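Colleague: Provided below for reference: sequence and predicted model.
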Amino acid sequence: MALRGLGRRISIGKRCFSSASEVEKRPRDGKQINLFSAINQALHIALETDSRAYVFGEDVGFGGVFRCTTGLADRFGRNRVFNTPLCEQGIAGFAIGLAAMGNRAIAEIQFADYIYPAFDQIVNEAAKFRYRSGNQFNCGGLTIRSPYGAVGHGGHYHSQSPEAFFCHVPGLKWLYRLAVEEVPERDYMLPLSQAEVIRQGSDITLVGWGAQLSVLERACDEAAKDGISCELIDLRTLIPWDKETVEASVRKTGRLLVSHEAPVTGGFGAEISASIAERCFLRLEAPVARICGLDTPFPLVYEPFYMPTKNKVLDAIKATVNY
Amino acid sequence: MSIRHQTKANKEGQGEKPHLDFFLFLPHLLDLFSLLHSTMGLWSVRSRLAHHLGQKMAYLGALQRRSWPLVSFLQLWNPRPSELVGGLSSNPINRCSDRRFASIKAETSAAAMDDRCRYQVMDFPGGKVMFIPEMRFLAESPGERISCYRVLDDDGQTISGSSFQEVSKEIALKMYSDMVTLQIMDTIFYEAQRQGRISFYLTSIGEEAINVASAAALTINDIVFPQYREPGVLLWRGFTLQEFANQCFGNKSDYGKGRQMPIHYGSNRLNYFTVSSPIATQIPHAVGAAYSLKMDKKHACAVTYFGDGGTSEGDFHAALNFAAVMEVPIIFFCRNNGWAISTPTTEQFRSDGAVIRGQAYGLRSIRVDGNDALAVYSAVHAAREMAIRESRPILVEALTYRVGHHSTSDDSTKYRPVDEIEHWRTARDPVSRYRKWIERNGWLCDDAESELRSNVRKELLHAIQVAEKMEKPPLAELFTDVYDQVPSNLHEQERLLRETIKQHNGDYPPEVPV
């Protein structure tokens, strides 16, 4: 089971969150590791370099249900890495208060499916904290981490992708990382709000994030066999999202396909589609394609039918190219 | 009833045939295994063993019915008083050895063992729990309401025998002055809204003692997370009338940059977090802040205020639970003023107010007369000390009455009797009650009183004039502070907006400089 994760920073604090001296475009000295290992390493570094960093959430103490927090409590103590009671609104509210005092609060929501009790705190409080106070206060040091997405047997409540709800909220940042990637073992910084073109192409632009990228990559590989050259973009941050990179790519290819697991209606693909249609209308050779989840609760036995699979994407690539 | 049964069994010194000794001691031998493991898992293993043995030996059916305590070997011989059941001084071993020396049939001995062991104590996650064979439901209410701490009677006279925190003349007079200022501020701003000069206002009439006396018992280093009816706390800390007016008018000197409705004050300088409209959302913030204070080893606490209505929100329960588990220095201050807009407390909860809930979450709590400035002062003073010294949360429920309407958008005569409001405005006014106490101390005379009121009025009217004339913050501030830097989508939107403004200038208020 490939582990997927998303980290969400509420806003970039002025405080440097890394000892790395500059932001890197794409670090070259990486080795391939799992996402949960990368998260674990990152948390180790965060707690090591910042004595006012805290990691907390349900079951993080023993290592967490996805092992993202293994070893942290032993190394840094139960004052800095600790379990919270079973209460997402409490986790979020507590985290906001902790961050508002200038700490680096790293809260975990056990599954993205359970983030909704924290919705009020995130949307009405965290997102507006700086703005409403006239920048007297902020919770920029707050990060909420949560695993999302399909796992093969998760059903309604261990499979969701709730990004659309939150991308509608000014003041939040919503980020993704790849499931398996080459990452350096040292401390390094990546720019937020910058998409990355992970594969160059000329016939069609594919946009995705997180786990869906591996599906899109395989679709690209197969499309290449049919002579279709796909450009693949990892959006990485959904709000604010990097319109410029996507627009530049679509100006080159003239075609766009967006793919995500979340249901298609009102999904984030709709935002990308509308924005690109606005910006690139005359350049587009075909309508923007969206290959997404169905408009149903996430089903169990029907998961293979529900999912935006490689073949669905491939069919859409061909249909778009042949429009 | 339960004690009687136990004592009776003991006194009669019932015993059994000697050969039962081995079987009586078998569970204790099995208890030795519990020394090596201390988990519930093994307890269930052990009871399975006992059960298995019980099946084998019919007259040990008593073993099956009885619940043996999971005590360590040492405890068998040296029981601590807290572990003993029903306050008896004998340990299980002694009770069983009593039985050795009498001759009784197995059946009745089993019944006697039953009696003696009916109040055994057992380990569960969270600690030892005593068993009782009677089915008893805990009553929905304790019968008597939790008493309310007060120092001054309705006439401003200290109640004889009352204990309270002494207050210097200087502090006492500042408290009075700020309570009067708050009253006048409320009256004048309310009128200003009625005249259409500000868009909204809400008063704290009737809660002046809560506002000012609680603030007086804190220090500037204590972090405040208000709901919205606590401007007196800001006032005490030094927020000026001009600063209040600037926020209400949303002018360019408003620290909030004109983004929120009036009364949504905030001051990082005075450690008073910006007010937000949603109810009770600030309560868990305060817990996080208190945790920060504890980790940074500050000699300070967090304080959060909320109303009776706020105690129904999930955030309240989440916060109290978190605070207890994390052992943070925080004061939860509930202003129980009887009303949540039009909803009286009878429609808000069925518990005895808010104070009774503290214990449910493991919090030390107190109920105080919210219209008694000295009582509020003393309670908060004590609560603060406990919170910081013991790093624990404290719940303070102050009983009071919301004399004013919920806000300028409300007419409370629609849902409550006018004479009830008037009674609380006059006979139960916390300010005059406190004034009587100060006067009795010889600290205040009529001249000083009227001079104070007249000065505050003048200063406030001037502040309002200044605030009203001042221009609003510039348009650019619409787009800043969403993030720490303005992102490209907002630069784009600002550009488009400015074009639109150029085209349709008349659509836009001239007070906002473009």
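Modeller: It's in.
Colleague: so what does B:Leu218 have for phi and psi?
Modeller: With angles defined as degrees, to the nearest 10, B:Leu218 sits at phi -100, psi 170.
Colleague: typed the wrong thing, it's A:Arg218
Modeller: Per-residue torsions, A:Arg218: phi -70, psi -40 (degrees, to the nearest 10).
Colleague: show residues contacting stretch A:68-76.
Modeller: With C-beta atoms under 8 Å, 6 or more residues apart in numbering or on different chains as the test, stretch A:68-76 has contacts from A:5, A:36, A:39-40, A:43-44, A:47, A:55, A:60-64, A:80-82, A:108, A:145. Every residue, glycine included, has its C-beta placed from N, CA and C.
Colleague: where does A:Asp29 land in three-state SS?
Modeller: Here A:Asp29 is recorded as coil under DSSP: H, G, I helix; E, B strand; the rest coil.
Colleague: neighbours of the spatially closest residue to B:Ser342 that is not a sequence neighbour, how many?
Modeller: Distances taken as C-beta to C-beta, 6 or more residues apart in numbering or on different chains place B:Tyr415 nearest to B:Ser342, at 4.2 Å, with adjacent residues excluded. When neighbours are counted by other C-beta atoms under 10 Å in any protein chain shown, B:Tyr415 registers 13.
Colleague: how close does B:Tyr415 sit to chain A?
Modeller: Computed as C-beta to the nearest C-beta, to the nearest Å, the B:Tyr415 to chain A distance reads 27 Å.
Colleague: assign a three-state SS to B:Ala398, would you?
Modeller: Three-state assignment for B:Ala398 (three-state DSSP): strand.
Colleague: for the nearest residue to A:Gln160 once chain neighbours are set aside, what are its contacts?
Modeller: Once flanking residues are discounted, A:Gln160 sits nearest to A:Asp113: 4.4 Å by C-beta to C-beta, 6+ apart. A:Asp113 sits next to A:His156, A:Tyr157, A:His158, A:Ser159, A:Gln160, A:Pro162 when contact means C-beta under 8 Å, 6+ apart.
Colleague: A:Asp113 - that's part of a helix, no?
Modeller: Yes: assessed with three-state DSSP, A:Asp113 lies in a helix.
Colleague: still on that earlier bit, which of the contacts of stretch A:68-76 are buried? Put it as a ChimeraX command.
Modeller: Buried members of the contacts of stretch A:68-76, defined by 16 or more other C-beta atoms under 10 Å in any protein chain shown, are picked up in ChimeraX with:
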select /A:5,36,39,40,43,44,47,55,60,61,63,64,80,81,82,108,145
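Colleague: take the contacts of stretch A:68-76 and keep only those in helices.
Modeller: Applying DSSP state H to these, the entries found in helices are A:Phe36, A:Ile39, A:Asn40, A:Leu43, A:His44, A:Leu47.
Colleague: restrict the residues you listed to those that also contact chain B, please.
Modeller: The subset of the ones in helices among the contacts of stretch A:68-76 within reach of chain B, by C-beta under 8 Å from any C-beta of the partner chain, is empty.
Colleague: which among the residues you listed gets closest to chain B?
Modeller: Chain B has its nearest neighbour among the ones in helices among the contacts of stretch A:68-76 in A:Leu47, at 13.0 Å by C-beta to the nearest C-beta.
Colleague: so how many other residues sit close to B:His462?
Modeller: Close neighbours of B:His462, defined as other C-beta under 10 Å, add up to 13.
Colleague: the domain parsing of chain B - what is it?
Modeller: Residue ranges for the domains of chain B, per the TED database: B:169-471, B:474-513.
Colleague: okay, those, which one's buried deepest?
Modeller: For those, average neighbour numbers computed from mean count of other C-beta atoms under 10 Å in any protein chain shown are highest in domain B:169-471, which has a mean of 21.
Colleague: how far is that domain from where the chain is centred?
Modeller: In terms of C-alpha atoms, centre = their mean, to the nearest Å, the centre of domain B:169-471 is set 14 Å apart from its chain centre.
Colleague: OK, contacts around B:Ala209?
Modeller: B:Met179, B:Gly370, B:Asn371, B:Asp372, B:Ala373, B:Val376, B:Thr400, B:Pro430, B:Val431, B:Arg433, B:Tyr434.
Colleague: for the chain, give me the ranges with low pLDDT.
Modeller: Answering for chain A, as no chain was given. Low-confidence regions of chain A, defined by pLDDT under 70, span residues A:1-28, A:179-180.
Colleague: sorry, should have said chain B
Modeller: Ranges of chain B meeting pLDDT under 70: B:1-119.
Colleague: try it again at 80.
Modeller: B:1-120 (pLDDT under 80).
Colleague: look through it and tell me its longest helix.
Modeller: Looking across chain B with DSSP H, the single longest helix is helix B:169-194.
Colleague: in terms of secondary structure, what does that helix contact?
Modeller: Other elements packing on helix B:169-194 under the criterion 3 or more C-beta pairs under 8 Å, 6 or more residues apart in numbering or on different chains; DSSP states H and E are helix B:208-216, helix B:231-237, helix B:241-249, helix B:373-390, helix B:430-440, helix B:446-469.
Colleague: cutoff 7 Å now
Modeller: With contacts taken as 3 or more C-beta pairs under 7 Å, 6 or more residues apart in numbering or on different chains; DSSP states H and E, helix B:169-194 sits against helix B:208-216, helix B:231-237, helix B:241-249, helix B:430-440, helix B:446-469.
Colleague: so which of these comes closest to B:Asp419?
Modeller: Proximity to B:Asp419 (C-beta to C-beta) singles out helix B:430-440 among these, at 18.5 Å.
Colleague: close to chain A: what parts of the stretch 301-450 of chain B are there?
Modeller: B:Gly314, B:Asp315, B:Ala318, B:Ala319, B:Asn321, B:Phe322, B:Val325 (C-beta under 7 Å from any C-beta of the partner chain).
Colleague: setting aside sequence neighbours, what's the nearest residue to A:Cys87?
Modeller: Closest to A:Cys87 by C-beta to C-beta, 6+ apart is B:Ala318, at 4.6 Å.
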